[in-house]
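In: following is a predicted model, sequence given first.
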Amino acid sequence: MEHVRWLTDIDQITLTNPVVVAAFTGWNDAGDAASAAIRTMVETSGATALAEIDPEPFTDFATVRPHVRLDDERNRSIVWPTTGIWAASLPGTDVILILGPEPALRWRTFCEQITGIVHHFNSPMAFTLGALLADVPHTRRTQIIATATDTVLIERFDLERSRYEGPTGIIGVLHDSLSKSGLPTASLWAAVPGYASQLPSPRATFALLERLCSMMGTPAPVATVAAQIAEYDAKVAAMISGDDDLVTYVSRLEDMVDEMNSDTATELDDVIITDADANPEQLADEVEQFLRNRDADS
């Protein structure tokens, strides 16, 4: 953990089997959904700043730039894009929260820093949060793709077994690092409407928090996020209202989701669904295509 800077006396931090939850800004974070979920947990839990990972060895500062800030006396300071680690005690579980920009360099070394922290506190499992752009409507419940490779976690939480092969991001590398060190991991991805990609999605954040906290056995801190949904819906409605083709497209997505969720709908195996299918297994395919497209664009 040579690149970890502790912000508190870790001997004074008492955590009992803390669950690890990590998210990264960037292309893992459509609609800022995953990063907003971590920020919400930090802000609502009274979390203690535990450590940060030095960005210097891992960051391309021409891509993820530091910011200049002025204090009340107009003194300038540089705020570097560090990965922060917080500790909190929630009802039912302790938790370590990790949030930062996806690193550009030395991913294996970066993940070794996190793996070292996780094992220092004897964490029993880890979750990562992400969000992807998909053909889903903003007016329906956000679909969550929940996957794992650990059989115990799959059976315990009714997860899909990860089948993905292809290019990956820091989340995939972190899962590999933690799994090889003996820690069970699971990944939660929210499906964000592709046509609303430029807007932060409180709907997706709400869904991630709800699913994550149900798995951790703690109440989901969704009150603030829930209060933002009506404004989000209004912004998206205003954005698409001037485009008849887009209005028709969204209506078609709504019809498909409603048909799938209807008690009288045909069994899914007998229905031919286009790429707007919101079935978790089909959305897993969306993840694969999303990762490949992003790799091709880079």
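Out: Ah, there it is.

In: point out where the chain drops to low pLDDT.
Out: Low-confidence segments of the chain, defined by pLDDT under 70: 262-298.

In: can you show me the helices along it?
Out: Counting by DSSP state H, the segments of the chain that form helices are 33-45, 107-120, 151-157, 170-180, 202-216, 223-226, 229-240, 244-261, 280-297.

In: quick one, which of those helices gets closest to residue 137.
Out: helix 244-261 (4.0 Å; CB to CB). (C-beta placed from N, C-alpha, C; glycine too.)

In: what angle separates that closest one from helix 229-240?
Out: 130 degrees (axes from the mean of the first three to the mean of the last three CA atoms, to 10 degrees).

In: can you name every helix or strand that helix 244-261 contacts?
Out: helix 229-240 (3 or more CB pairs under 8 Å, 6 or more residues apart in numbering; DSSP states H and E).

In: name the residues of the helix it packs on that are buried.
Out: Residues 229, 232, 236, 240 are the ones in helix 229-240 that count as buried (16 or more other CB atoms under 10 Å).

In: on that earlier part again, and the helices of the chain as CSV, adding distance to residue 62?
Out: Formatted as CSV, these follow (distance: least, CB to CB, whole Å):
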stretch, distance to residue 62
helix 33-45, 21
helix 107-120, 18
helix 151-157, 39
helix 170-180, 18
helix 202-216, 29
helix 223-226, 33
helix 229-240, 31
helix 244-261, 35
helix 280-297, 18
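
In: so which of these is nearest residue 142?
Out: Taking CB to CB, helix 202-216 is the member of those nearest to residue 142, at 3.7 Å.

In: need the contact partners of that closest one.
Out: Under the criterion CB atoms under 8 Å, 6 or more residues apart in numbering, residues 19, 21, 30-34, 36-37, 40-41, 90, 92-93, 95, 127, 129, 131, 138, 141-144, 146, 157, 186, 188, 190-192, 219-222, 225-226, 228-229, 232 lie in contact with helix 202-216.

In: for residue 133, name its beta-bridge partners.
Out: Note on residue 133: beta-bridge partners by DSSP bridges are residue 192.

In: quick one: contacts for it?
Out: Residues near residue 133 by CB under 8 Å, 6+ apart: 30, 192, 193, 194, 197, 290.

In: repeat that for residue 10.
Out: Counting by CB under 8 Å, 6+ apart, the residues that residue 10 touches are 50, 120.

In: where's it relative to residue 120, distance?
Out: Between residue 10 and residue 120 the distance is 7 Å, computed by CB to CB, to the nearest Å.

In: hmm, residue 36 and residue 200 touching each other?
Out: Yes - under the criterion of CB atoms under 8 Å, residue 200 makes contact with residue 36 at 6.5 Å.
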